[in-house]
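Trainee: Okay, here's the prediction I keep looking at, along with the sequence it came from:
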Amino acid sequence: MTLDLHADTVEGALERVVHFLDRAVVSREYKVMIVHGHGTGKLKKAVREYVLNSPYVADSHPGEVWEGGDGVTVVTLAD
């Protein structure tokens, strides 16, 4: 599962992230990707801060080069 947040505001993007993670947990996904791009860095920072504090998230890290690099956050969901 992948969520593309390009062109979203921080507020709108975080709302979408909440719903996305809800759906991922219900679907029993193990790993998901959130594409936020680089831009000014505000969206990337907000997404990464949110997932660090989410009870759904066991781990998160920037994407590898083949996944989109630092413009992507890869999230491993908690059991």
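Mentor: Structure's in. What do you need? Remember, it's a predicted structure, so these values are computed and weren't measured experimentally.

Trainee: can you give me the strands in the protein?
Mentor: Remark: strands assigned in the chain by DSSP state E are 2-4, 31-35, 57-62, 72-77.

Trainee: what pLDDT, on average, does stretch 51-68 get?
Mentor: Averaged across stretch 51-68, pLDDT comes to 95.

Trainee: which other residues reach that stretch?
Mentor: Applying Cβ atoms under 8 Å, 6 or more residues apart in numbering, the contact partners of stretch 51-68 are 17, 21-22, 24-25, 33-35, 48, 69-79. Every residue, glycine included, has its C-beta placed from N, CA and C.

Trainee: re earlier: rebuild the strands of the chain as CSV, extending it with distance to K44 and mean neighbour count.
Mentor: Formatted as CSV, these follow (distance: least, Cβ to Cβ, whole Å; neighbours: other Cβ atoms under 10 Å):
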stretch, distance to K44, mean neighbour count
strand 2-4, 13, 15
strand 31-35, 9, 19
strand 57-62, 9, 15
strand 72-77, 7, 21
